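# this one's structure only:
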Ligand SMILES: NC(=O)C1=CN([C@@H]2O[C@H](COP(=O)(O)OP(=O)(O)OC[C@H]3O[C@@H](n4cnc5c(N)ncnc54)[C@H](O)[C@@H]3O)[C@@H](O)[C@H]2O)C=CC1
Ligand SMILES: O=C([O-])CC(=O)C(=O)O
């Protein structure tokens, strides 16, 4: 079997360090799938990426068939089958949102273009670097020859956080919980929805107090990233890497029958989310493609929250449009 080429940007960063070893050990694609890794970094971080590559060598992973380290996007994405876009420009003190979007446009535009020109026909892209949904939109717009559905952004970490918070509340195992959903943006406006989530055949929203759902669960999940930064002095890295593994694993290998997961994928207009926006939905993966779960009833409480998060995504889209980034 020919190795699958996995390109990781920001490979010398925190998430990169937590991610690369798991990809090389077979957890991304399967225990029988050989991989080659391509590490894309900015020039000053190449040496650190080389250090990580030395450690990858030292693991003697049977599935790892090669490592390439480069600061050239054209080279990094050449023949890539999976692209994990982790490296991004973080927001720094005093930075306006427009500056942040523009700085990221300077990263995700050229990377999208390189993917368009050089990646393999089956390329699948997961954007992790924030603002993830809009960075995915920028990369997608720069890659008109790649099917739009191949550009996705990560809300699986939010999904996993929601599973874990609910399991703790109900004193059940995360495996007892099915059909969790994160809607919208990977930001504080995201909406973790318990109205379709099932625990032992019952609807989760009916098993918890209303006040807990509104005042504890939703804000705790939505603001968990900030809480981790506050506690660790650095943003989530191992849990973010874990979620990236889950997302790509399920995209390629399928989601289990009777359950779904959450991923930010280009909207087809489902649930009133404007077409083209890269928004989180309840999704299943079948035959290597994400499909939005259809037919869920959305009550007024959920509608307001989905609309608020999608409204933020529309604003971000309009802002990058005004900057000619899409
Ligand atoms: N979607 C999600 O759920 C989550 C997203 N994130 C985001 O993931 C991103 C990465 O986080 P960390 O690894 O902790 O950051 P980090 O700062 O440790 O690493 C980022 C790396 O990206 C590299 N980089 C910057 N520009 C690049 C470019 N043009 N090409 C290639 N590499 C480039 C940097 O040199 C650095 O090594 C951040 O934007 C963070 O906000 C973090 C946690 C969860
Ligand atoms: O803001 C960040 O960099 C961290 C983040 O996205 C998260 O942990 O959800």
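Yep, it's here. Worth saying up front: this structure is predicted, and the values here are computed from it rather than measured. Ligands and ions are numbered 1, 2, ... in the order given.
# Once you drop chain neighbours, what's closest to residue 34?
Leaving aside its chain neighbours, residue 34 sits nearest to residue 3 (4.1 Å; criterion: C-beta to C-beta, 6 or more residues apart in numbering). (C-beta placed from N, C-alpha, C; glycine too.)
# do you know how far the most far-flung residue of the chain relative to its centre is from residue 230?
The centre of the chain is farthest from one residue, residue 209, which by C-alpha atoms, centre = their mean lies 30.1 Å away. Using C-beta to C-beta, to the nearest Å, we find residue 209 at a distance of 26 Å from residue 230.
# contacting residues for residue 279?
Listed by C-beta atoms under 8 Å, 6 or more residues apart in numbering, the contact set of residue 279 reads 133, 183-185, 264-265, 267, 273, 309-310, 313.
# Contacts (any at all) between ligand 1 and the host helix or strand of residue 160?
Taking DSSP states H and E as the definition, one finds residue 160 inside helix 156-170. Yes: Helix 156-170 lies within reach of ligand 1 by C-beta under 6 Å from any ligand atom, at residue 157.
# what comes up buried for that helix?
The neighbour-count check on helix 156-170 (16 or more other C-beta atoms under 10 Å) flags 156-163, 165-167, 169-170 as buried.
# Stretch 132-149 too?
For stretch 132-149, by 16+ other C-beta under 10 Å, it's 132-143, 146.
# same thing with stretch 315-323?
316-317, 319-320.
# Not counting its own residues, what contacts the helix holding residue 160?
Identification of contacts with helix 156-170 by C-beta under 8 Å, 6+ apart yields 173-174, 176-177, 180-182, 186, 190, 192, 194, 197, 199, 204, 207-208, 212, 217, 220-222, 224-225, 236, 239-240, 242-244, 246-247, 261-263, 280.
# Residue 120 reaches residue 79, doesn't it?
Yes: counting by C-beta atoms under 8 Å, residue 120 does reach residue 79; the two are 5.3 Å apart.
# Overlap in contacts, the two.
In contact with both residue 120 and residue 79: residue 5, using C-beta under 8 Å, 6+ apart.
# With neighbour numbers in mind, choose between the two.
residue 120 (16 against 13; other C-beta atoms under 10 Å).
# any weak-confidence spans in the stretch 51-200 of the chain?
Along the stretch 51-200 of the chain, segments meeting pLDDT under 70 are nowhere present.
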